[in-house]
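1. 3D, please:
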Amino acid sequence: MNDRVLLWLVAGYLSLQPLSTDLYLGSLPHLAHYFGVGVPAAQATLTVFVIGVGVAQLLAGPLADRFGRRPVALGGCLTYVLASVLCALAPSIATLIGARLLQALGCCSVLVAARAIIRDRHDPAASAAVIARASSILAFVPLFGPVIGSYTQVWFGWRAAFVIHALCASLLLVATMHWLRETHPTPDRHALRPARLLGAYAEIARSPAFWAYALPGALTYSAIFVFIAGSSFAFIEVLHVPTELYGFCFALAVCGYLLGTLACRRLILRFGLPRVLRIGTSLTLVGGGGLALAVHTGLVHWAVLLAAQFLVMMAHGLNQPCAQAGVVAPFAARAGTATGLFGFLTMTFALTVGTLLGWLHEATLQPIATLSAGVGMLAFVAGRLPR
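-> Numbering: from 1, shown residues only. Here you go, the predicted structure:
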């Protein structure tokens, strides 16, 4: 298993999460109409996925430390395939929400395995560079996913998005079986014992270095999640952008993420992880604060929303590789547990902003603007915590 093969496998693993959310974003308003439910119920298919990914990582991480990365990756891929088929066949919104939770369990297992594999093979600086390279590849998922998803919705309906999920995960399962080799040769046989597990999480939580990277990473993901959860309603229902064109708007914003990952690879070599993180969190504040200012002054246009989303996603492309590498750097023997705690924190923050967005939902851009500005300010502060 050479580095090139590993890079493409990791990129595939990390891409499952944006694939799970972005491909069906254009279908969210239509889900509400199809099942005859309100907007919060349709958004619950996204919220429950986030809950599942976040909570299950607390167990998936120790599982990867106990049994190795390969079994967890294989089990995650298989679970994801089965859950995607169930989503595609769902007869009710309740069944769809339940299937999305199962889909999240598979996705989070693969994510944890990917991050732990990178830590097994590389030092912190090299890990961030590898994650940035993998992120540049996976950027094509959110880049083309909403475009494909929007046209898929128009041509075939919302179920087709989950068929695509199942097909992609099936290919990843076959690739994992064929190419992935175990990177954790000395599994911790006691990793799942309650006392050992709680002790490991307590040790990680006491580390200032963990929080100095985990908080900016979690908050900048929350910043883009505001747009992931709310942009389809904002563009389609508030700004009256046609469904088939919404995907192009989202894809243009994702170009910011791609640009951020490309810049991250160069900036890390020149400035190091902490300074790149400060640059990225500053950009998060500029994007969110700029949108709030524009909405407050009455400047409401699809181009304004798109520009803010572009900046916030560019910041995420800078921040996330640094955060993912930084949180596991001090914990070589417990990389799975550390990345599981980081994933839980990230999804908890995202769930919080997603829930707030659902509660604040109205036919204006005010909720998105307010939340993105608030999260941007918190990210800016977190990016300057002592290490």
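2. can you pull out the helices in the stretch 151-300 of the chain?
-> Counting by DSSP state H, counting those that start in this stretch, the stretch 151-300 of the chain has helices at residues 159-179, 194-205, 208-233, 243-271, 273-296.
3. Could you check the shortest one and say which residues are buried?
-> Across helix 194-205, burial judged by 16 or more other C-beta atoms under 10 Å covers 196-197, 200-201, 204. Every C-beta, even on glycine, is put in place using the N, C-alpha and C of the backbone.
4. since we're on the closest residue to Val147 other than its chain neighbours, how many residues are nearby?
-> Leaving out its chain neighbours, the residue that sits closest to Val147 by C-beta to C-beta, 6 or more residues apart in numbering is Gly247, at 3.5 Å. Gly247: 28 surrounding residues under other C-beta atoms under 10 Å.
5. Gly247 against Val154, yeah?
-> No: between Gly247 and Val154 there is no contact, the gap being 9.8 Å when judged by C-beta atoms under 8 Å.
6. Let me see the contact set for the closest residue to Gly260 other than its chain neighbours.
-> Of all residues not flanking Gly260 in the chain, Gly317 sits nearest, at 2.2 Å (C-beta to C-beta, 6+ apart). Gly317 is in contact with 132, 135, 139, 256-264, 280, counting by C-beta atoms under 8 Å, 6 or more residues apart in numbering.
7. how about Gly317, secondary structure?
-> helix (DSSP: H, G, I helix; E, B strand; the rest coil).
8. Model confidence for it, exactly?
-> You'll see Gly317 listed with a pLDDT of 89.
9. and what of Ala332?
-> With respect to pLDDT, Ala332 has a value of 66.
10. try the one 10 residues further on
-> Note on Phe342: pLDDT of 86.
11. First-to-last residue distance for stretch 86-100?
-> By C-alpha to C-alpha, to the nearest Å, the extent of stretch 86-100 from end to end equals 9 Å.
12. Other residues contacting that stretch?
-> Outside stretch 86-100, the residues touching it (C-beta under 8 Å, 6+ apart) are 31, 35, 37, 41-42, 44-46, 48-49, 52, 83-84, 102-103, 159-160, 162-163, 165-166.
13. cutoff 7 Å now
-> With C-beta atoms under 7 Å, 6 or more residues apart in numbering as the test, stretch 86-100 has contacts from 35, 37, 41, 44-45, 48-49, 83, 102-103, 159, 162-163, 166.
14. Could you do stretch 363-381 as well?
-> Residues outside stretch 363-381 that contact it (C-beta under 7 Å, 6+ apart): 216, 219-220, 222-223, 226, 230, 234, 237-238, 281-282, 284-285, 287-289, 291-292, 295, 300, 305, 308, 312, 353, 356-357, 360-361.
15. got the CA positions of it in PDB?
-> Provided in PDB are the C-alpha atoms of stretch 363-381 (Å, rounded to 0.1, in the frame of the first residue of the first chain):
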ATOM      1  CA  ALA A 363     -38.400  33.700   4.600                       C
ATOM      2  CA  THR A 364     -35.400  36.000   4.900                       C
ATOM      3  CA  LEU A 365     -31.600  35.700   5.000                       C
ATOM      4  CA  GLN A 366     -31.500  37.000   8.600                       C
ATOM      5  CA  PRO A 367     -31.100  33.600  10.300                       C
ATOM      6  CA  ILE A 368     -28.200  32.500   8.100                       C
ATOM      7  CA  ALA A 369     -26.500  35.900   8.400                       C
ATOM      8  CA  THR A 370     -26.800  36.000  12.200                       C
ATOM      9  CA  LEU A 371     -25.500  32.500  12.800                       C
ATOM     10  CA  SER A 372     -22.700  32.700  10.400                       C
ATOM     11  CA  ALA A 373     -21.500  36.000  11.900                       C
ATOM     12  CA  GLY A 374     -21.700  34.600  15.500                       C
ATOM     13  CA  VAL A 375     -19.900  31.400  14.600                       C
ATOM     14  CA  GLY A 376     -17.300  33.300  12.700                       C
ATOM     15  CA  MET A 377     -16.500  35.400  15.800                       C
ATOM     16  CA  LEU A 378     -16.200  32.300  18.000                       C
ATOM     17  CA  ALA A 379     -13.900  30.700  15.400                       C
ATOM     18  CA  PHE A 380     -11.700  33.800  15.300                       C
ATOM     19  CA  VAL A 381     -11.200  33.700  19.100                       C
END
